[in-house]
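# missing the sequence, but the structure's below:
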């Protein structure tokens, strides 16, 4: 059974060798994530080149997602590397402190004293330590510890409920974005966007640098939830980034928000990646917990396009086992996935011909026991519409455009393949579409398949034709 949900795997020390990358791709990785919070530009460029060379050898399209670090609101360092705080202790966050001790620590984010007020609750180290602002004196934030623990160097700071004003794109991000364009990233993820304007700025910078990458908005700020509809509208994809989001809005709110985000993104025909701690225990264990299995399965049942692995594959002890575990969980969950009824999903008139053809294709596929769908596409849009409409049959996206094929690696239930159109007439191209499915074991002679394409073939423009075909009887 073909797995419809895609797997995004982060590369790092545990997964940067050519041998391991090849094994991960063979095991089912569809998109690799390059985390720009770590590593140099040269290392990222090298990894992207290795991935593409291996993907070419294996005959498998693999996308590259570059994840920008974003504004990291962090404390500084301690003289001894860490301290232990107890409930009720007094502690100072001091923007002018160079090296911290038991009483205070510095701030990488120097404007924090101007952005908080008395009574505000701050969460450090992903919420493991909480403190309440008692008073502010110049560049010092005097706090009372509400929940203590060990606090070590450079841990992150969140404000309960959100509200910190750091720009989504730092100077580092803008330089890293140029690196992402240079290595021909298929997707660039923007960390901590607060509004549609943050996403639009990133898109303009990509365009200015000559890139073609699609933009992924990582939803991890409380403010982003308030502006979710607008952010989705200007993004190509969103990421349900549950780590920082959970700290800001509270962990109990995250499952419901995950479902809402996936539902809203699909309604706007945008992609969704579900991320953070999906298989966290497999960093040090060869098998997942039952809770993690359910977490991945529920993301699939929610309709996510992809699930993402972070430290599990970047620095964990069992990167290959983790990918194999996610693969089998997705396959099983997809058996229970309820296919949406197109007539219920979309009652208003379609605005684009290719969208209407996609809806018609899905409708026909449900009543003719269609084995597969093949979409001839230049840009990938036709396959994206089909993916949004929830087809029970696999969608083969056939495109001469390698950039389009790489981007389609992230779309649920879409399997991109190259096709040659040059010097071929309409019937020859349709025959080749049929042959691609035969060669890949998707269909057998006598099966019913659907072909979608635009006429005249080879000219730019939307898909406008649907053809019902019995394999072997095309020409």
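It's in. Everything numeric in this text was worked out from a predicted model, so none of it was measured.
# Let me see the backbone angles for the most centrally placed residue in the chain.
In the chain, the residue lying closest to the centroid (Cα atoms, centre = their mean) is residue 273, at 3.6 Å. In terms of degrees, to the nearest 10, the main-chain angles of residue 273 are phi -110, psi 130.
# Pairing-wise in the sheet, spell out the partners of it.
residue 239, residue 306 (DSSP bridges).
# Next up, the contacts around it.
Residue 273 is in contact with 8, 216, 237, 238, 239, 240, 304, 305, 306, 307, 308, 410, counting by Cβ atoms under 8 Å, 6 or more residues apart in numbering. Quick note: C-beta positions are derived from backbone N, CA and C, even for glycine.
# continuing past the helix or strand of the chain with the lowest mean pLDDT, what's the next helix or strand?
None of the helices or strands of the chain scores lower by mean pLDDT, DSSP states H and E than helix 342-345, at a mean of 40. Following helix 342-345 in sequence order, the next helix or strand is helix 353-367 (DSSP states H and E).
# list the helices and strands the following helix or strand past that next one packs on?
Downstream of helix 353-367, the first helix or strand assigned by DSSP H and E is strand 372-376. Secondary-structure packing of strand 372-376 (3 or more Cβ pairs under 8 Å, 6 or more residues apart in numbering; DSSP states H and E): helix 381-388, strand 395-399, helix 426-439, strand 448-453.
# burial of the residue nearest to residue 106 when sequence neighbours are not counted, as a residue count?
Closest residue to residue 106 apart from its sequence neighbours, by Cβ to Cβ, 6 or more residues apart in numbering: residue 76 at 3.1 Å. Neighbourhood size, residue 76 [other Cβ atoms under 10 Å]: 20.
# next one: the one 5 residues further on
Counted with other Cβ under 10 Å, residues neighbouring residue 81 total 9.
# Could you do residue 224 as well?
25.
# is it true that it touches residue 231?
Yes. Between residue 224 and residue 231 there is a contact under Cβ atoms under 8 Å: 6.0 Å.
# Quick check: neighbours shared by these two?
193, 195, 217.
# wait, is the last one part of a helix?
Spelled out, it's residue 217. No. Looking at residue 217 with DSSP: H, G, I helix; E, B strand; the rest coil, it is strand, so not inside a helix.
# Identify all residues paired with it through a beta bridge.
Listed beta-bridge partners, residue 217: residue 190, residue 238 (assigned using DSSP bridges).
# how far away is the residue lying closest to residue 396 once chain neighbours are set aside from residue 43?
Nearest residue to residue 396, sequence neighbours excluded (Cβ to Cβ, 6+ apart): residue 374, at 4.5 Å. Distance of residue 374 to residue 43, given as Cβ to Cβ, to the nearest Å: 39 Å.
# about what we covered before: now the shared contacts of residue 224 and residue 231 in TSV, with neighbour count and pLDDT?
Listed next are the shared contacts of residue 224 and residue 231 as TSV, based on neighbours: other Cβ atoms under 10 Å; pLDDT from 0 to 100:
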residue	neighbour count	pLDDT
193	31	95
195	18	95
217	29	98
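# now the helices and strands packed on strand 372-376 as a markdown table including mean pLDDT, mean neighbour count and distance to residue 165?
Shown next, in a markdown table, are the helices and strands packed on strand 372-376 (pLDDT from 0 to 100; neighbours: other Cβ atoms under 10 Å; distance: least, Cβ to Cβ, whole Å):
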| stretch | mean pLDDT | mean neighbour count | distance to residue 165 |
| --- | --- | --- | --- |
| helix 381-388 | 86 | 27 | 35 |
| strand 395-399 | 93 | 27 | 41 |
| helix 426-439 | 88 | 17 | 51 |
| strand 448-453 | 92 | 23 | 47 |
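# how about these in JSON lines, adding distance to residue 173?
Shown next, in JSON lines, are the helices and strands packed on strand 372-376 (distance: least, Cβ to Cβ, whole Å):
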{"stretch": "helix 381-388", "distance to residue 173": "27"}
{"stretch": "strand 395-399", "distance to residue 173": "31"}
{"stretch": "helix 426-439", "distance to residue 173": "39"}
{"stretch": "strand 448-453", "distance to residue 173": "39"}
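# For stretch 180-189, give the mean pLDDT please.
Taken as a whole, stretch 180-189 carries a mean pLDDT of 98.
# ends of that stretch, how far apart?
Using Cα to Cα, to the nearest Å, the end-to-end distance of stretch 180-189 comes to 10 Å.
# tell me which residues of that stretch are tucked away?
Under the neighbour-count criterion of 16 or more other Cβ atoms under 10 Å, stretch 180-189 has 180, 181, 183, 184, 185, 186, 187, 188, 189 buried.
# In helices, which of the residues you listed fall?
Taking DSSP state H, the ones among the buried residues of stretch 180-189 that sit in helices are 180, 181.
# if I pick residue 67, what's in contact with it?
So residue 67 contacts 10, 33, 34, 35, 36, 37, 189, 191, 218 (Cβ under 8 Å, 6+ apart).
# ok, the fifth one to residue 272 distance?
Okay, so that is residue 36. Distance from residue 36 to residue 272, by Cβ to Cβ: 21 Å.
# hang on, the earlier thing: closest to residue 400 out of the contacts of residue 273?
residue 410 (19.5 Å; Cβ to Cβ).
# if I look at the closest one, how far off is residue 246?
Residue 410 sits 24 Å away from residue 246, going by Cβ to Cβ.
# For these two, work out which one has more neighbours and name it.
residue 410 (26 against 21).
# Quick check: that one touching residue 271?
Yes. Counting by Cβ under 8 Å, residue 410 does reach residue 271; the two are 5.7 Å apart.
# Need the residues touching each of those two.
With Cβ under 8 Å, 6+ apart as the test, residue 410 and residue 271 both reach 237, 305, 306.
# list the contacts for the nearest residue to the first one once chain neighbours are set aside?
Beyond its immediate neighbours in the sequence, the residue positioned closest to residue 237 (Cβ to Cβ, 6+ apart) is residue 271, lying 3.6 Å away. The neighbours of residue 271, taking Cβ under 8 Å, 6+ apart as the test, are 216, 236, 237, 238, 265, 305, 306, 410, 411.
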